[in-house]
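Undergrad: with the sequence up front, the predicted model follows.
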Amino acid sequence: MTEVRPLAAAPASLWERDEEVAAVVRAIDALGADSSSSGSLLMISGEAGFGKTALLAETRRIAEGRGCTVWSARGGETLRSVPFNVVRQLLQPALMSLMPEEAREYLGDWYDIAGPALGLTDPGGRQADPQGVTDGLVAAVRRLARRDWPLVLLIDDAHWADQETLCWLAAFAERLDDLSVLVVVARRPGEMSGESARLLDAVAATGLPATTLSALTPQATAGLTRATLGGHADAAFCREVWAVTAGNPYEAVELLAKVQDSELEPTESAAGELRALNRAARGGGLVARLEELGIDATRFAWAAAILGTGISVDLVAKLATLGRDDAVRCAELLRSARILTAPDPANGPTDEGDLEFVHPLIATAVYNSIPPALCTAMHGIAAQVVTDSGRGAAAAARHLLQVHPDDDEELVEQLREAAREHLAVGAPDAARRCLERALLEPPQPEVHAHVLFELGCATLLTAPAKTIDHLQTALAMPGLEGDARVDAVFRLSQALLHNDQLEEAVRTVEAEAARHAPGPARMRLQAVQYMWEGIYAGEAASPGRSERLAELARTCTGRDNAERALLMLRGFDAMTHGESAEEVVDLCDRALVNGRLPPGLGWTDTEWGVELLLMLTNAYAYTDRLDRADALYSEALRAYESAGWSGGHLALAHAYVGLGHRRRGRLREAETSLREALRLAERVGRGLPLYWTATCNLVDTLLARGHVEEAWAIAEQCGFAPPYPSTIVLPDPRSVRGRLLLAVGRTKDGINELEAAEKAAAVRGHHNPVLVPWAFDLARALATEDPDRAGRLATDVRRHAERLGTDTAIGEALRCAAALETGQRAVRLAAQAVAYLEASPCQYEHAAARVEYGILARSVAELNRGLALAKSCGADGLVAQARAVLETGRGLR
């Protein structure tokens, strides 16, 4: 920094900030130059009092002077537990200026998803998906930004922002490349930890190089002193101002104001009094100054500090138990003492009588000065005041969290209600805090287990290990009976699954089922047990499982959802074992109601979970009933998009829509869906089954397209290699990786991988050759070095295909057999393969069979048919193969 003077007409707190202001000007000018330009983010970091707020105010002044729309918000030290607090401040003024129908039009499908988090509409009946709400908030700003370009967003005190806002900000910052918005964020360094610190660091990483504010130099402090007190302030006095404030701009301004109030002459002889004046302007001195204003003014300031936000004379009067006239008088005293002030109307609409602290440092000092016992009591009163004002349990919750435990049944119920409200708007972490506090009260014995159950449900996706502990404790206590207990056991088994403890999940459900007499509850638990066993990729959880499941399903007519679940599970089990496709389809059809999913078994219903419906849908997909599979995959995608479930559920939906496209031979569409699935899965976390599903299907699709290098790059990038997950992935990842290794020329490694797939399939009894296609590729790979074994594999796979009975399985088995033969026998087998695959819904396999038959039969007509099919599928490798043969023309007829 070379300049000492501030910019012309800038406030005193902008001294020595010329370079920082110039950076802001450049960013605003770039924003206004072109509505199609990329957005940008500027992070301003500085210690308390270093002028971050003043720099943001100057940013607003400059931006508005250049015709920009400016929205602003700030975090609050006592408001970090309030979900969506900062993003609400930021967006509400813009949205509240619209009529409800206009807001709905701007937000479109996101209105019902993001609207509750913004306070625009009441939440729906189901728990909101946090990722979906985040995406909805991003979409809201994107749509409004196009209306209000050029738009500048200012976020002050981001180190005190709630975690939900930081999740939104991190997601929004990543997408500024295609949105012309300037975001300016101010923060203190080192004020955060954990997930919030990670999110704010991620925000900073997306922006321009961060601006770090420094303390004022002695020269700048001298300039500020003389500009405030007059040019006659001598050098020794100016040096002492710098020394006692350490160059902190806010403290320097406050100290100089105290000098003016005390009419102290700015001379060397008076410099010794500056330290005492400075102490009076901060910390304990500020508290002493507050006490000098009287007990009523002190109570008023304390009440304002307790409220933190939404400070009005009337609300503070209720909390401080002051009459209206006394409250107005106290507010005026505190304004005159530069403790409270009226909010800047530029930051959003305010009501008459609204107040805020002059600076966060003052708010902190006032709050910390409240005696601890009184502070706790005032939070309890504040909770009641907020509730009585109609703001709801969630708004009162931050005060209830501060109240000492006291066996208060009503407080427990208030916190449970607040947790439900938090979950409904997509804030499970806030719900967790409420329920953890409720447990400290503690709840009454008959309620305790229910609170633990609710806490376990709130932490299911974010902390499965903690969920396990909560639910196991709840189940060991009295209180959970009937359906509630069964629900808790199911949630516990889900948590164990998410925590990679699948075997324990199975044992937990099995043990609970044994406690129940025959009936719906026991049948549901048995179905859950079979479901978890069915997705386990290791050895069968218990001997004779399939036989017991078949026996149980044999008595089911589909009269309730427990029976329907068992029919779905039996259908999936039969499909994986390669039993008759007709029987599989019959079992699955019996689980539906008029061809549709029954009530209570929809994609967003939580009683059973998504795994069961995926089993049903995949049973159709691998028995050539792709019409029904596609309809169900698409229904899942629509359901999750409509509900705003844009985390793991949406990733799975895209992955299985992609699988449906792949099975049908729509390879371009498959690749598009699977890349989107992988993008969404990356947000949820690597290593999870949904990540494996997206990766495996994308690699499989790229291989079918003939894009071998891309397939290998994806496999390397995503860790598509052993060890494999404990849950099954469709199609079989070992088979797909074995095919990939063969495609890149690592034949020995490919054979080893395919043999490992053979062993794993044998252990599980998985003999559906389309689901676990290792045999087709292994037979071809062994054709030269071990033709006898290759022949046996081809014979076995044809036997399994005929047992399954689908056109795809038999056609693929015939293709494999043809590849091992020569002469007219090879031609006849290839022709038979074409006949079966032509009747199959799997057009890529049909195209491959056509091309292979054309080559063996030396038929130009068949090659052209195969070429046309390959083009329509997007199978570039097949297209190139067919063209190469056609172009040589040797021996063709």
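TA: Yep, that arrived.

Undergrad: so what's the residue nearest to the spatial centre of the chain up against?
TA: Nearest residue to the geometric centre of the chain (C-alpha atoms, centre = their mean): residue 131, 3.2 Å. Residue 131 is in contact with 645, 646, 647, 683, 684, counting by C-beta atoms under 8 Å, 6 or more residues apart in numbering. To be clear about C-beta, it is placed using only N, CA and C from the backbone, and glycine gets the same treatment.

Undergrad: for these, give me CSV that also has neighbour count and distance to residue 452.
TA: Putting the contacts of residue 131 into CSV (neighbours: other C-beta atoms under 10 Å; distance: C-beta to C-beta, whole Å) gives the following:
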residue, neighbour count, distance to residue 452
645, 27, 25
646, 22, 29
647, 22, 25
683, 15, 30
684, 17, 26
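
Undergrad: out of these, list just those in helices.
TA: 683, 684 (DSSP state H).

Undergrad: quick check: the two most widely separated of the contacts of residue 131?
TA: For the contacts of residue 131, the farthest-apart pair by C-beta to C-beta is 645 and 683; their separation is 12.8 Å.

Undergrad: report pLDDT for residue 888.
TA: pLDDT for residue 888: 87.

Undergrad: ok, now how distant is it from residue 104?
TA: Residue 888 is 63 Å from residue 104, where distance means C-beta to C-beta, to the nearest Å.

Undergrad: out of those two, which sits in the busier spot?
TA: Using other C-beta atoms under 10 Å, the more surrounded residue of residue 888 and residue 104 is residue 104, with 17 against 9.

Undergrad: show me what contacts the residue of the chain most remote from its centre?
TA: Going by C-alpha atoms, centre = their mean, the residue of the chain most distant from its centre is residue 269, 62.1 Å out. Applying C-beta under 8 Å, 6+ apart, we find residue 269 in contact with no residue.

Undergrad: quick one: it and residue 240, what's the gap?
TA: Residue 269 is 11 Å from residue 240, by C-beta to C-beta.

Undergrad: cool, residue 21 as well?
TA: 28 Å.

Undergrad: neighbour-wise, which of those two wins?
TA: Taking other C-beta under 10 Å, residue 21 and residue 240 do not tie; residue 240 has more neighbours (22 against 17).

Undergrad: any idea how far residue 503 is from the residue nearest to the centre of the chain?
TA: 29 Å.

Undergrad: and if you look at residue 311?
TA: Distance, residue 311 to residue 503, using C-beta to C-beta: 55 Å.

Undergrad: who has more neighbours out of those two?
TA: residue 311 (23 against 16).

Undergrad: for this protein, name the helix or strand with the lowest mean pLDDT.
TA: Ranked by mean pLDDT, DSSP states H and E, the weakest helix or strand in the chain is helix 283-292, scoring a mean of 73.

Undergrad: in whichever helix or strand comes after that one, what's buried?
TA: Toward the C-terminus, helix 283-292 is succeeded by helix 295-307 as the next helix or strand (DSSP states H and E). Neighbour counts over helix 295-307 (16 or more other C-beta atoms under 10 Å) mark 296, 297, 298, 299, 300, 301, 302, 303, 304, 305, 306, 307 as buried.

Undergrad: thought residue 289 was touching the second one, still the case?
TA: No: under the contact definition of C-beta atoms under 8 Å, residue 297 does not touch residue 289, with a separation of 10.3 Å.

Undergrad: circling back: pull the CA atoms of the helix or strand harbouring the residue nearest to the centre of the chain into CSV?
TA: Taking DSSP H and E as the definition, residue 131 sits inside helix 130-147. Provided in CSV are the C-alpha atoms of helix 130-147 (Å, rounded to 0.1, in the frame of the first residue of the first chain):
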residue,chain,number,x,y,z
PRO,A,130,-30.9,-31.0,2.3
GLN,A,131,-29.1,-31.3,-1.1
GLY,A,132,-32.3,-30.7,-2.9
VAL,A,133,-32.9,-27.5,-0.8
THR,A,134,-29.4,-26.3,-1.6
ASP,A,135,-29.9,-26.9,-5.3
GLY,A,136,-33.3,-25.1,-5.1
LEU,A,137,-31.6,-22.1,-3.4
VAL,A,138,-29.0,-22.0,-6.1
ALA,A,139,-31.7,-22.2,-8.8
ALA,A,140,-33.6,-19.3,-7.1
VAL,A,141,-30.6,-17.0,-7.1
ARG,A,142,-29.7,-18.0,-10.7
ARG,A,143,-33.2,-17.1,-11.9
LEU,A,144,-33.5,-13.9,-10.0
ALA,A,145,-30.0,-12.9,-11.1
ARG,A,146,-31.0,-13.0,-14.7
ARG,A,147,-33.9,-10.7,-13.9
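
Undergrad: right, and the helix or strand after that helix?
TA: Per DSSP H and E, the first helix or strand lying C-terminal to helix 130-147 is strand 151-156.

Undergrad: now that next one, how far from the centre of its chain.
TA: 23 Å (C-alpha atoms, centre = their mean, to the nearest Å).

Undergrad: quick one: strands adjacent to that strand?
TA: strand 69-74 (parallel), strand 181-187 (parallel) (DSSP bridges).

Undergrad: which of the ones you listed is buried the deepest?
TA: strand 181-187 (a mean of 26; mean count of other C-beta atoms under 10 Å).

Undergrad: what does it rub up against?
TA: Against strand 181-187 from outside (C-beta under 8 Å, 6+ apart): 24, 27-28, 31, 39-46, 52-53, 55-56, 59, 63, 68, 141, 145, 149-159, 169, 172-173, 176, 200, 203-204, 207.

Undergrad: in the helix or strand following that strand, what counts as buried?
TA: Scanning forward in sequence from strand 181-187 by DSSP H and E, the next helix or strand is helix 194-205. Residues of helix 194-205 classed as buried: 196, 199, 200, 202, 203, 204 (neighbour count, 16+ other C-beta under 10 Å).

Undergrad: from the chain's centre, how far out does helix 194-205 sit?
TA: That offset, for helix 194-205, works out to 15 Å (C-alpha atoms, centre = their mean).

Undergrad: what of stretch 296-309?
TA: 37 Å.

Undergrad: per-residue confidence averaged over it?
TA: Mean predicted confidence for stretch 296-309 is 93.

Undergrad: what does it rub up against?
TA: Contacts for stretch 296-309 (C-beta under 8 Å, 6+ apart): 76-79, 82, 85, 290-291, 311, 315-317, 319-322, 326-327, 329-331, 333-334, 339-340, 355, 357, 363, 366-367, 369-370, 374-375, 378-379, 382, 399.

Undergrad: out of those residues, which are buried?
TA: For those, a neighbour count by 16+ other C-beta under 10 Å gives the buried set as 76-79, 82, 85, 290, 311, 315-317, 319-320, 322, 326-327, 329-331, 333-334, 339-340, 355, 357, 363, 366-367, 369-370, 375, 378-379, 382, 399.

Undergrad: next step: the residues you listed restricted to strands.
TA: 311, 340, 355, 357 (DSSP state E).

Undergrad: on the strand side of things, show who the second one bridges to.
TA: The residues listed as beta-bridge partners of residue 340 by DSSP bridges are residue 357.

Undergrad: tell me the spacing between it and residue 570.
TA: To residue 570, residue 340 is 70 Å away according to C-beta to C-beta.

Undergrad: what do you get for the third one?
TA: For residue 355, the distance to residue 570 under the criterion C-beta to C-beta works out to 67 Å.

Undergrad: what is the burial count for residue 381?
TA: Counted with other C-beta under 10 Å, residue 381 comes out at 17.
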